[in-house]
Every structure is written in structure tokens, then in C-alpha cells.
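Student: Here's my sequence, what's the structure:
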Amino acid sequence: RIHFLSVYFFSAAPYAVLTVAMVHGLPTVAFVGAGQMAEAMMVGMIKQKWIRPHQILACCPRLDRTVDLHRRLGVQAFAANDKATAWADVVVLAVPPQNLAEAMATVHVRPDAVCLSIVAGTSIR
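Tutor: Here you go, the predicted model:
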């Protein structure tokens with residue numbers, strides 16, 4: 001059973017991710033998509049000391065982007081969604097709406113994981 005949450009207000013998203021993680025005692029958060037919104041959430045969670053950088057798994061088709069995030073923030077960089085999401089306790093979908101179907105085809109979520117979508121204007125049901 002996969003748990004899905006949708007966050008419509010970006011400012012609340014880092015808090016929502018961490019609340020889910022704290023309630024479930026979850027140690028890893030995978031971001032499918034590593035754009036500006038995902039980075040802002042990562043930075044916020046790290047700066048607030050809600051999570052350690054190595055507990056964040058960032059995946060993006062542009063490996064240079066995830067390597068840059070690894071270098072600057074210390075997060076783990078992945079080129080493939082399935083590799084990062086298979087290990088994650090919380091999966092944050094942070095891709096452009098037009099890329100959601102393609103991203104979801106490569107996401108493999110554990111049955112006990114929680115999925116959170118910050119994809120604009122799209123339902124994941």
C-alpha cells in the first residue's frame with residue numbers, strides 16, 4: 001500500500017515532508033526531480049536540521065544537476081529514479097507536469113513508503 005500526499009502550498013512542503021518522516025521515523029527522502037523547488041525544499045530541511053544531507057536522495061535526468069547538488073549540499077546523487085526511490089521512505093515528486101508520466105514509469109516505491117507530490121496542477125491518483 002502506497003500512501004500519497006499532495007502539497008499545494010509550496011511554503012508548507014518542507015514541513016509536510018518532515019512531519020511525515022518524523023511520524024513514521026523515516027530516515028530517507030528521495031526527490032524525483034532536482035529543480036529549483038526541490039532544491040529549496042532540500043536546503044530548508046537541511047538548514048533547519050530536520051534531516052541530514054546524506055539522508056536526501058536526489059535524482060534527475062541531468063546528472064550534472066544532481067552532482068552539483070551533491071557538491072553544494074551533500075545530498076546523494078542518482079541518475080535513475082528507480083535506484084533512489086527503491087531505498088526511500090518518503091518520495092517527493094518534483095518534476096514539471098509534462099514529465100510526470102515519464103517519471104512515474106521509472107519510480108519504484110516501497111509498499112510502506114509515503115509519496116508526496118509538489119507537481120503543479122496534476123493529480124497523482
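
Student: most centrally placed residue in the chain?
Tutor: Nearest to the geometric centre of the chain sits residue 31, at 2.2 Å (C-alpha atoms, centre = their mean).

Student: For that one, which non-adjacent residue is closest in space?
Tutor: residue 38 (4.4 Å; C-beta to C-beta, 6 or more residues apart in numbering). Every residue, glycine included, has its C-beta placed from N, CA and C.

Student: With just CA atoms, put stretch 52-66 into PDB.
Tutor: The C-alpha trace of stretch 52-66 is given here as PDB (Å, rounded to 0.1, in the frame of the first residue of the first chain):
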ATOM      1  CA  ARG A  52      21.000  15.300   7.400                       C
ATOM      2  CA  PRO A  53      22.200  15.800   3.800                       C
ATOM      3  CA  HIS A  54      23.100  12.200   3.300                       C
ATOM      4  CA  GLN A  55      19.500  11.200   4.000                       C
ATOM      5  CA  ILE A  56      18.400  13.000   0.900                       C
ATOM      6  CA  LEU A  57      18.400  11.200  -2.400                       C
ATOM      7  CA  ALA A  58      18.200  13.500  -5.400                       C
ATOM      8  CA  CYS A  59      17.500  12.100  -8.900                       C
ATOM      9  CA  CYS A  60      17.300  14.000 -12.100                       C
ATOM     10  CA  PRO A  61      17.900  13.100 -15.800                       C
ATOM     11  CA  ARG A  62      20.600  15.700 -15.800                       C
ATOM     12  CA  LEU A  63      23.400  14.100 -13.900                       C
ATOM     13  CA  ASP A  64      25.300  17.400 -13.800                       C
ATOM     14  CA  ARG A  65      22.500  18.900 -11.700                       C
ATOM     15  CA  THR A  66      22.500  16.100  -9.100                       C
END
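
Student: What separation do you get for the residue nearest to residue 31 and residue 99?
Tutor: Going from residue 38 to residue 99 by C-beta to C-beta, to the nearest Å gives 13 Å.

Student: returning to that earlier point: the residue nearest to residue 31 contacts residue 29, correct?
Tutor: No - at 10.2 Å, residue 38 and residue 29 do not qualify as touching, with contact defined as C-beta atoms under 8 Å.
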